[in-house]
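S.K.: just the structure for this:
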Amino acid sequence: MKFVIQRVANASVTIDGNVSGKIENGFMVLIGVCEEDTKEIADKLVKKLIGLRIFADAEGKTNLSIKDVNGQLLLVSQFTLYADCKKGNRPSFIKAGSPEHAEKIYDYIVELCKNEIEVVETGEFGADMKVELTNDGPFTIILDSAEIC
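M.R.: Sure thing, here's the model as predicted:
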């Protein structure tokens, strides 16, 4: 499982010209799932996501979590995080989880986050989405279960 986390001043996802999710001050998270991913792995990554202390405290140090600043989440499924570009110029996506498995894990992640964070917005699994954001910092972190779990 991979999370690409961007600390944002604002972010939105649009599908067919309609805004599906929109947040202010928080994290826009791209979520990639592979076939081996489980709910237990999701539990660990969500715990790490919610606990990341990358918001500034009163002294300007990155010492506060998303909960500490009452931040918001925008969660977007992104199978292309499992692109394999070793051969040729056309990426292979065979390492990504099947749509059925990935959607099940993605939905589980969304529910976990809703239990922790007041405002959780999403894109639509499998949709052609347009994502806009203002990266605050810029500050981007990649969580990869292969390195954390």
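S.K.: looks like residue 45 contacts residue 145 (just checking).
M.R.: Yes - judged on Cβ atoms under 8 Å, residue 45 makes contact with residue 145 at a distance of 6.1 Å. Every C-beta, even on glycine, is put in place using the N, C-alpha and C of the backbone.
S.K.: hey, what's in contact with both of those two?
M.R.: residue 1 (Cβ atoms under 8 Å, 6 or more residues apart in numbering).
S.K.: can you show me the helices along the protein?
M.R.: Taking DSSP state H as the criterion, the chain carries its helices at 39-51, 99-114, 145-148.
S.K.: got a markdown table for the ones you listed, with mean neighbour count, mean pLDDT and distance to residue 129 too?
M.R.: Below are these laid out as a markdown table (neighbours: other Cβ atoms under 10 Å; pLDDT from 0 to 100; distance: least, Cβ to Cβ, whole Å):
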| stretch | mean neighbour count | mean pLDDT | distance to residue 129 |
| --- | --- | --- | --- |
| helix 39-51 | 17 | 98 | 20 |
| helix 99-114 | 17 | 98 | 13 |
| helix 145-148 | 13 | 93 | 23 |
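S.K.: out of those, flag the one nearest residue 123.
M.R.: helix 99-114 (9.7 Å; Cβ to Cβ).
S.K.: can you spell out which helices and strands pack onto the closest one?
M.R.: helix 39-51, strand 72-77, strand 120-122 (3 or more Cβ pairs under 8 Å, 6 or more residues apart in numbering; DSSP states H and E).
S.K.: thanks a lot, see you next time.
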